[in-house]
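okay, here's the prediction I keep looking at, along with the sequence it came from:
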Amino acid sequence: MSKGLDKLNHIVVLMMENRSFDHMLGSLKAVNPQIDGIDDQMFNLDDKGAQIKPQLLADFQGQLNPDPDHHFPAVDLQIFNGDRSADRQPTMKGFVTSYFHQRRDTAHSQKIMYCFKQSDLPVLTTLALEFAVFNRWFASIPGPTICNRAFAHYGTSFGRVDMNPFDTIEPFKSVYARLISATPKRSAKVYYYDTTSSTMEVVNLLQNQPELFGTYKQFLSDCDNGLLPDYSFVEPNYNDHETDEGEEVASDQHPDHDIRAGEVLIAEVYMHIKRNPALWQSTALLVLYDEHGGIFDHVNPPSCPPDQFTAPANSTGTGMEFKFDRLGVRVPAILVSPWIPKNTVVNRVFDHASIPATVTRFFQLGDVPRSPREQNADIFIEPNVGPIDPQRNLFSLDVLRTDCPEFGV
Amino acid sequence: MAIIPVPKPPKKAMSADREVNCLLRAQVEHLQHVERRLPLRYRSSIYTHAIRTEGEAARYIGEVTEAIHEAHADAANERVKRARPEKGRSKPKAKKAKNGRGK
């Protein structure tokens, strides 16, 4: 038995935008050597042949303009550095070359190697050190946002590696549909920031099931009033806009939005859960990023069992088909709960298909059809039935922690 | 444990005139894909090909998102009306066309 799993009733996922693990958390290797961050042996070559190492020079805003390319062909270049041979292996040496292609500016291309200092990101780095940080959480596809977020909702992108609208394909249903049609019925909500920011899951979820959606304000209120559903997916503010209450700065951390707005968002989500004692002890909060946004990371994305869909050669931009048999670039991912020991570092491999896989298993939604990628994805919360493997259970404490951090938001 | 301060972005971080990024461009396209299926009275008058800035994209995103919710809410209300007893009920009036939706 696990006391933490016994108490757990809510899973909250907050998915941010377009930053790599090394860019955000790479500096933490100096604090905890178990965290697989940056060191001075890593480098990419620039167009002049100079070795460009990751450096702690990232700025909050203004540095990554133009937005680094993170479409499928560009990510292929970043991972394989132009090698198109049949037996190629990832090298993670093509990031500077890829960024150079966008502005033909040697000095600017080097900024793709820049990482944040620990002190720049007090929220994200504190949560990583205080709870569980994943050393091997990868984007689901070496490609852009929409198809990667689809894996978090459906466990597959239905064969898409791009940003175009897609329709879901039977029999794979969204994790939300699985929850609300389960017996006993479960509850689920996607909280977008507001209608002016809206959601990235327009064509299927918003169009067909708008009742699934709530706003960020409602999320905060649901936390305060103990009304959070079993499963919540929180989307950040994707754009700068005016409201009746004033200016709303984008908080998604997508380049070139200010990183600090995202730090405030993460802290608010955490603190609103923490301030409700009943919710705090019964909730797991996963904070992660949809993909790396074209920014350097040093860990080779591993191969994986293929999905049942194939992206044809004329849709990938590389001239090669993609069987969804390799993960994307590594992203920051942190699991928060007062039942998780401080300084937990997880080395198992995860990707966004792990989200519906975990929710489906944990809430015992039955034998629902799941994509091959989801079936093969590891889970980050063990189902609380039968004997629990202590090596896999992250909610391992017998006594609720009282030393968890507090943020001034 | 001491409370950890969280710096806020400065005023200058906000720029509704920033060039729209590829993510927002895609979001606009997805919403336009859905908007084409909405009855005419719910559609926006914004020309999406002319959207250049984040502020312009935000306005369109907000209008169409609200319209999707409104169209579903109206359909649900009609469903409720249809389910009521027929006695004394008049035929529902067609909704007036809307122009210049949103703020």
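Thanks, I have the structure now.

regarding chain A, what is its longest helix?
When secondary structure is assigned using DSSP state H, the longest helix within chain A turns out to be helix A:259-274.

where do the strands sit along the stretch 201-350 of chain A?
When secondary structure is read from DSSP state E, counting those that start in this stretch, the stretch 201-350 of chain A shows strands at A:213-215, A:231-234, A:241-243, A:246-248, A:283-289, A:333-336, A:344-346, A:350-351.

make TSV out of these and add mean pLDDT.
Supplementary listing: the strands of the stretch 201-350 of chain A in TSV, determined by pLDDT from 0 to 100:
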stretch	mean pLDDT
strand A:213-215	98
strand A:231-234	98
strand A:241-243	91
strand A:246-248	92
strand A:283-289	98
strand A:333-336	98
strand A:344-346	98
strand A:350-351	98
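
from what I can see A:Gln61 touches A:Ala261, true?
No - using Cβ atoms under 8 Å, A:Gln61 and A:Ala261 do not qualify as a contacting pair, with a distance of 9.3 Å. No exception for glycine: its C-beta is placed from N, CA and C like everyone else's.

which of the strands of the stretch 201-350 of chain A is buried the deepest?
strand A:350-351 (a mean of 28; mean count of other Cβ atoms under 10 Å in any protein chain shown).

what's the spacing between it and its chain's center?
The chain centroid and the centroid of strand A:350-351 are separated by 9 Å under Cα atoms, centre = their mean, to the nearest Å.

what's the closest of the strands of the stretch 201-350 of chain A to chain B?
Comparing the strands of the stretch 201-350 of chain A against chain B with Cβ to the nearest Cβ, the closest turns out to be strand A:241-243 (3.8 Å).

tell me which strands that closest one pairs with, and in which orientation.
Each strand that strand A:241-243 pairs with, and the sense of that pairing, follows from DSSP bridges: strand A:246-248 (antiparallel).

what about the nearest residue to A:Asp40 once chain neighbours are set aside, distance to A:Gln110?
Closest residue to A:Asp40 in three dimensions, ignoring its sequence neighbours and counting by Cβ to Cβ, 6 or more residues apart in numbering or on different chains: A:Lys53, at 5.7 Å. Applying Cβ to Cβ, to the nearest Å, one obtains 10 Å for the distance of A:Lys53 from A:Gln110.

neighbour count: those two, which is higher?
Shown here are A:Lys53 and A:Gln110; by other Cβ atoms under 10 Å in any protein chain shown, A:Gln110 has more neighbours (20 against 14).

for stretch B:42-60, buried residues please.
For stretch B:42-60, the neighbour count (16 or more other Cβ atoms under 10 Å in any protein chain shown) marks B:42-44, B:46, B:48, B:51, B:53-60 as buried.

could you redo the residues you listed as JSON lines and give each row distance to A:Trp280, secondary structure and pLDDT?
Supplementary listing: the buried residues of stretch B:42-60 in JSON lines, determined by distance: Cβ to Cβ, whole Å; DSSP: H, G, I helix; E, B strand; the rest coil; pLDDT from 0 to 100:
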{"residue": "B:Tyr42", "distance to A:Trp280": "41", "secondary structure": "helix", "pLDDT": "97"}
{"residue": "B:Arg43", "distance to A:Trp280": "44", "secondary structure": "coil", "pLDDT": "97"}
{"residue": "B:Ser44", "distance to A:Trp280": "42", "secondary structure": "coil", "pLDDT": "96"}
{"residue": "B:Ile46", "distance to A:Trp280": "43", "secondary structure": "coil", "pLDDT": "97"}
{"residue": "B:Thr48", "distance to A:Trp280": "43", "secondary structure": "helix", "pLDDT": "97"}
{"residue": "B:Ile51", "distance to A:Trp280": "42", "secondary structure": "coil", "pLDDT": "97"}
{"residue": "B:Thr53", "distance to A:Trp280": "41", "secondary structure": "strand", "pLDDT": "96"}
{"residue": "B:Glu54", "distance to A:Trp280": "35", "secondary structure": "helix", "pLDDT": "95"}
{"residue": "B:Gly55", "distance to A:Trp280": "38", "secondary structure": "helix", "pLDDT": "94"}
{"residue": "B:Glu56", "distance to A:Trp280": "41", "secondary structure": "helix", "pLDDT": "96"}
{"residue": "B:Ala57", "distance to A:Trp280": "37", "secondary structure": "helix", "pLDDT": "97"}
{"residue": "B:Ala58", "distance to A:Trp280": "34", "secondary structure": "helix", "pLDDT": "97"}
{"residue": "B:Arg59", "distance to A:Trp280": "38", "secondary structure": "helix", "pLDDT": "96"}
{"residue": "B:Tyr60", "distance to A:Trp280": "39", "secondary structure": "helix", "pLDDT": "98"}
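
so which of those is the closest to A:Ser2?
Comparing the buried residues of stretch B:42-60 against A:Ser2 with Cβ to Cβ places B:Ala58 closest, at 44.5 Å.

and the closest one, what does it touch?
Taking Cβ atoms under 8 Å, 6 or more residues apart in numbering or on different chains as the contact definition, B:Ala58 lies against A:196-197, A:239-241, B:16.

for these, name the two members farthest from one another.
Between any two of the contacts of B:Ala58 (Cβ to Cβ), the greatest distance is 12.7 Å, for A:Ser197 and B:Ala16.

list residues touching both of the two?
Contact criterion Cβ under 8 Å, 6+ apart; residues shared by A:Ser197 and B:Ala16: A:241, B:58.
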